[in-house]
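Chemist: make a model of this:
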Amino acid sequence: MADSPETPLSSIGWRGDIPAAPADHPEFRIARVIAQHRAGYELHDGVSAFNAQPAPRFLKPTIDPTERPAVGDFVQVSTHKPPSIEKVLPRRSTLARAAAGERHQRQLIATNIDTVMVVSGLDGDFNPARIDRYLMLVEGSGAKAVVVLTKADTTDDMEVSLEEMRSRVPAEIEVIAINARSADSVAGLLKFFGPGSSTVLVGSSGVGKSTLTNTLLGESRQATNSVRETDSRGRHTTTYRALIQLPTGGCLIDTPGMREIKLTGEETLDGSQFGDIEELAQNCRFGDCSHLSEPGCVVRAALDDGRLDNARWHNYLKLRGELAAAADSLELQLRRKSETRIQTKALGRRLDEKYGRH
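Modeler: Below is the predicted model of the structure:
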């Protein structure tokens, strides 16, 4: 953590050295976005929460959605009434996914976070392939990933599931099993919630994110609900992202359950999550090897002798194809935006030449 003067903002994760009321801009103060609603934003200045509206420029349909304020952002807010968000301060980390639909547009989940807890239940929700997908999103975010397996009290196969996850994630990623209702059980997570820290919980509905939040708070503040017996899926009891201050001094962002976890097209496969498979494939004797039936293929050899898990390999292939499609879609969107800007500038020049600059 960077050294910085203690201010009220420090209690909500502020690490900067800009005073809360910049001397050269006394009409502004700094606050953190703790929730976003249809009617506007809820902010916190380290002392109290208040509502604010975004400046008109944030509402323009042509603006990149990632440039708008998001939960976790530190922002400059006008001191007049009603207050308005005038500027989003630089982010130290950004967790995003692709928005639902055909367009691979980035949708921010949380910003300025230190840890992303990927939460999965040790019941019918347990899906290592889905956890792989979450970890790909986390890898380029600037935050640290932790896999949290909840409902440890409901299964006799906890050690098997733990071993499966630990065998398929990088060694530096901790995998922790808990009973989210038990304060003693979640004590092993407290090291991630120290003063000044910021952590976001992500996962499907019904995995226990809100239950874990309530246990960390020591009170039932977040709504919880039961899950279906058929597939262990829950209803969306958390309907919006909310940043909550914990008694430990850290901040926690609870999020609604995610039905779809789409890659943005900016992820890579050569990082820690699948770097071993990428390296194995690159060392294959055939540059254009399909890794299906070619003799002497090192990937096939690793699959045959058990060094490479077959399910993990197939998930890698699936994500590789999806990532390529997302990257192509993203490149096409950027090209179209660039062409539109060029055409708009050219039209502007022609109008200036014909009618003169106003």
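Chemist: what average pLDDT does stretch 322-335 get?
Modeler: Averaging pLDDT along stretch 322-335 gives 70.
Chemist: hang on, I meant stretch 174-191
Modeler: Mean pLDDT, computed over stretch 174-191, is 96.
Chemist: name the residues of that stretch that are buried.
Modeler: Along stretch 174-191, the positions that meet the burial threshold by neighbour count (16 or more other Cβ atoms under 10 Å) are Glu174, Val175, Ile176, Ala177, Ile178, Asn179, Ala180, Arg181, Ser185, Val186, Leu189. Every C-beta, even on glycine, is put in place using the N, C-alpha and C of the backbone.
Chemist: could you do stretch 90-97 as well?
Modeler: By 16+ other Cβ under 10 Å, the buried positions in stretch 90-97 come out as Arg91, Arg92, Ser93, Thr94, Leu95, Ala96, Arg97.
Chemist: among those residues, which two are most distant?
Modeler: Of all pairs drawn from the buried residues of stretch 90-97, the one with the longest distance (Cβ to Cβ) is Arg92 and Arg97, at 19.0 Å.
Chemist: that older thread, ok, so of the buried residues of stretch 174-191, who is nearest Arg32?
Modeler: Nearest member of these to Arg32, counting by Cβ to Cβ, is Leu189, at 22.2 Å.
Chemist: I'd guessed the closest one sits against Asn179; true?
Modeler: No. Using Cβ atoms under 8 Å, Leu189 makes no contact with Asn179, being 11.7 Å away.
Chemist: mind listing residues that contact stretch 155-166?
Modeler: The set of residues external to stretch 155-166 that reach it, using Cβ atoms under 8 Å, 6 or more residues apart in numbering, is Leu122, Asp123, Phe126, Pro128, Ile131, Val147, Leu149, Ala152, Val175, Ala177.
Chemist: in the longest strand seen in the chain, which of the residues would be classed as buried?
Modeler: Ordering each strand of the chain by length in residues (DSSP state E) puts strand 28-37 first. Using 16+ other Cβ under 10 Å as the burial criterion, the residues of strand 28-37 that qualify are Phe28, Arg29, Ile30, Ala31, Arg32, Val33, Ile34, Ala35, Gln36.
Chemist: need the next SSE after it, C-terminal direction.
Modeler: As assigned by DSSP states H and E, the chain's next helix or strand after strand 28-37 is strand 40-44.
Chemist: in its sheet, what does that next one sit against?
Modeler: When sheet partners are counted by DSSP bridges, strand 40-44 sits next to strand 28-37 (antiparallel), strand 49-54 (antiparallel).
Chemist: chain center to that strand: distance?
Modeler: Relative to the mean C-alpha coordinate of its chain, strand 40-44 is positioned 20 Å out (Cα atoms, centre = their mean, to the nearest Å).
Chemist: alpha carbons of it, in CSV - could you do that?
Modeler: What follows is strand 40-44, C-alpha atoms only, in CSV (Å, rounded to 0.1, in the frame of the first residue of the first chain):
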residue,chain,number,x,y,z
GLY,A,40,-28.2,8.2,-10.0
TYR,A,41,-25.2,7.4,-7.8
GLU,A,42,-24.6,6.9,-4.1
LEU,A,43,-21.3,8.2,-2.9
HIS,A,44,-19.3,8.2,0.3
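Chemist: now that strand: average pLDDT?
Modeler: For strand 40-44, the per-residue pLDDT values average out at 95.
Chemist: hmm, back to that, ok, the contacts of stretch 155-166 vs Leu317, which is closest?
Modeler: The shortest approach to Leu317 among the contacts of stretch 155-166 belongs to Pro128, at 15.2 Å (Cβ to Cβ).
Chemist: now do the strands in the stretch 101-250 of the chain.
Modeler: Chain-ordered strands for the stretch 101-250 of the chain, with DSSP state E, counting those that start in this stretch as the definition, fall at 106-111, 115-121, 144-150, 174-177, 198-202, 242-245.
Chemist: where does the stretch 151-300 of the chain dip in pLDDT?
Modeler: Residues of the stretch 151-300 of the chain meeting the criterion pLDDT under 70: 221-239.
Chemist: got the angle for the longest strand of the chain vs strand 106-111?
Modeler: Taking axes from the mean of the first three to the mean of the last three Cα atoms, to 10 degrees, strand 28-37 and strand 106-111 form an angle of 110 degrees between their directions.
Chemist: what does strand 28-37 rub up against?
Modeler: The contact list for strand 28-37 (Cβ under 8 Å, 6+ apart) reads 9, 12-14, 16, 18, 20-22, 41-46, 49-50, 52, 69-79, 85-87, 89, 112, 240-244.
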